[in-house]
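[1] output the structure for:
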Amino acid sequence: MYRPVIRRNSLHAVSNDNGQRCVNFAASRGMVVRSTFFPRKDIHKATWRSPDQQTENQIDHVLNDGKFFSDITNVRTYRSANIDSDHYLVTVCMRSKLSTVITTRRSRTTRLNIEQLRNVEVAQDFAQQLAVALPTEEQLGAATLEDGWRDIRSAIGSTSATALGFATPNHRNDWYDGECEQLKNEKNAAWARMLQHRTRANEARYKQARNRQNSVFRMKKRQQEERDREAMEELYRAKDTRKFYEKLNRSRRGFVPQADMYRDNHGNILTSEREVVERWRQHYDEHLNGDIASTGGGVVTDLGVCAQDERLPAPDLQEIEEKVGRLKNNKAAGADQLPSELLKYGGEQGC
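    Model prediction:
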């Protein structure tokens, strides 16, 4: 029923509610989804990659009016060479020989440079700026609970971004520099010449360029490993355990094959894909659904909610300060994207 709008070249055979809404929107306005019309390889259809670097989906589409159906002659996705950020280029080729490039970038979440709070001067400056940015008691008293927390969260976020800045993301290939890029381009150019004219001279040039690239790459990697070793020794002598193990784990991280075999309840190895999927279904039924999987009935749980006439008293400032002070550092931020260090180092104003 959707073929007139999307044709047969979608990356997915089954769509979710958002995909159906997109199709219904296009059909109700006489439009077509041109990004699913062209027979491409799956790697040239995906526009989003999950953090596990395995799952890819087609979540961005190109729509145009049915009257100008033939104006778009091609739609293709290009993947970025930087695997640390899911970066795609969706090219739309028009009949007028013009190309519209839509950039879809989903990079990793930018993190605040919380390490700056270890500096006493930076921590004091952060607390002072936060005291000025936070809303006053009169403003909080006149606002609702949701509006008051939104103002507090906005003040903490803007102040921390200004006073602390953002941390530089870690790159695994620190050894890859301009010299490596130049050698790789020379090798690729030699490979292209050899494909066009496969002569002995071109083959020799290509092998020479390839060997030179591999030799420099190995040397750069060894130099980077030596620098990492010296940095880990300094961290060990400084007794900075957390950073030491972070750097150690990054240095040991390599190719990790994805396991495709699991064990059942009796310890037997399952190799069939269907058996593995069934085992995972049983696992989540046991841990998430509880007695529903075995009895089919609902689970009665007493959450201990107080009655309306037994409402708990609101916590005072001393109790809040105590709870905030007991928060652990170096933990992932919650839905508000505010690490616990911002509240702790903000002092009384942060609470």
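[2] may I see the buried residues of stretch 111-124?
    112, 114, 116, 117, 122, 123 (16 or more other C-beta atoms under 10 Å). Yep, even glycine has a C-beta here, placed from its N, CA and C like the rest.
[3] pick the one among those closest to residue 10.
    Using C-beta to C-beta, residue 112 is the member of the buried residues of stretch 111-124 that sits closest to residue 10, with 39.4 Å.
[4] so who does the closest one touch?
    When contacts are counted by C-beta atoms under 8 Å, 6 or more residues apart in numbering, residue 112 touches 160, 161, 164, 165, 166, 167, 339, 342.
[5] pLDDT-wise, what's the bottom of those residues?
    Sorting those by pLDDT puts residue 167 at the bottom of the list (78).
[6] was I right to think it contacts residue 115?
    Yes - using C-beta atoms under 8 Å, residue 167 is in contact with residue 115, at 7.3 Å.
[7] picking up where we left off before, just the buried residues of stretch 111-124: which are in helices?
    Judged by DSSP state H, the subset of the buried residues of stretch 111-124 located in helices is 122, 123.
[8] the buried residues of stretch 111-124 into CSV, with extra columns for pLDDT?
    Listed next are the buried residues of stretch 111-124 as CSV, based on pLDDT from 0 to 100:
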residue, pLDDT
112, 82
114, 83
116, 85
117, 85
122, 87
123, 86
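[9] and the buried residues of stretch 111-124, which two are the farthest apart?
    The widest separation within these (C-beta to C-beta) is 13.4 Å, between 112 and 123.
[10] that older thread, which of the contacts of residue 112 lies closest to residue 235?
    Comparing those against residue 235 with C-beta to C-beta places residue 167 closest, at 16.7 Å.
[11] ok, now which ones touch the closest one?
    Contacts for residue 167 (C-beta under 8 Å, 6+ apart) come out as 111, 112, 113, 114, 115.
[12] so which strand or helix has residue 23?
    Assigned by DSSP states H and E, residue 23 belongs to helix 17-28.
[13] now do the buried residues in that helix.
    19, 22, 23, 26, 27.
[14] give the pairing partners of the helix or strand just after it; include direction for each.
    Using DSSP H and E, the helix or strand that follows helix 17-28 towards the C-terminus is strand 31-33. Here strand 31-33 is paired, per DSSP bridges, with strand 63-65 (antiparallel).
[15] count of neighbours near the nearest residue to residue 93 once chain neighbours are set aside?
    Sequence neighbours aside, residue 74 is the residue nearest to residue 93 in space, at 4.0 Å (criterion: C-beta to C-beta, 6 or more residues apart in numbering). For residue 74, the tally of surrounding residues (other C-beta atoms under 10 Å) stands at 13.
[16] next: the one 3 residues further on.
    Per other C-beta under 10 Å, the neighbour tally for residue 77 reads 24.
[17] and if you look at residue 72?
    20.
[18] kindly report the same for residue 251.
    By other C-beta under 10 Å, the residues close to residue 251 number 15.
[19] could you pull up phi and psi at it?
    As for residue 251, its main-chain torsions (degrees, to the nearest 10) stand at phi -70, psi -30.
[20] so what's residue 15 closest to, chain neighbours aside?
    Spatial nearest neighbour of residue 15, excluding adjacent residues (C-beta to C-beta, 6+ apart): residue 23 at 7.4 Å.
[21] and the gap between the one you found and residue 90?
    18 Å (C-beta to C-beta, to the nearest Å).
[22] residue 166 and residue 114 touch, don't they?
    No - look at residue 166 against residue 114 with C-beta under 8 Å: they stay out of range, at 10.2 Å.
[23] how about the contacts made by residue 213?
    Residue 213 neighbours (C-beta under 8 Å, 6+ apart): 180, 183, 184, 186, 187.
[24] and those residues, which are buried?
    Buried subset of those (neighbour count, 16+ other C-beta under 10 Å): 183, 184, 186, 187.
[25] quick one: secondary structure of the second one?
    If I follow you right, that is residue 184. helix (DSSP: H, G, I helix; E, B strand; the rest coil).
[26] what pLDDT is listed against it?
    Note for residue 184: predicted pLDDT of 93.
[27] give the contact list for it.
    residue 213.
[28] ok so the residue nearest to residue 93 is a strand residue?
    Yes - under three-state DSSP, residue 74 sits within a strand.
[29] can you report how many residues neighbour residue 48?
    Neighbour count for residue 48, taken as other C-beta under 10 Å: 15.
[30] and it, bridged to which residues?
    Going by DSSP bridges, residue 48 forms beta bridges with residue 57.
[31] distance of it from residue 54?
    Relative to residue 54, residue 48 is positioned 12 Å away (C-beta to C-beta).
[32] now swap in residue 33 and tell me
    Taken as C-beta to C-beta, the span from residue 33 to residue 54 is 26 Å.
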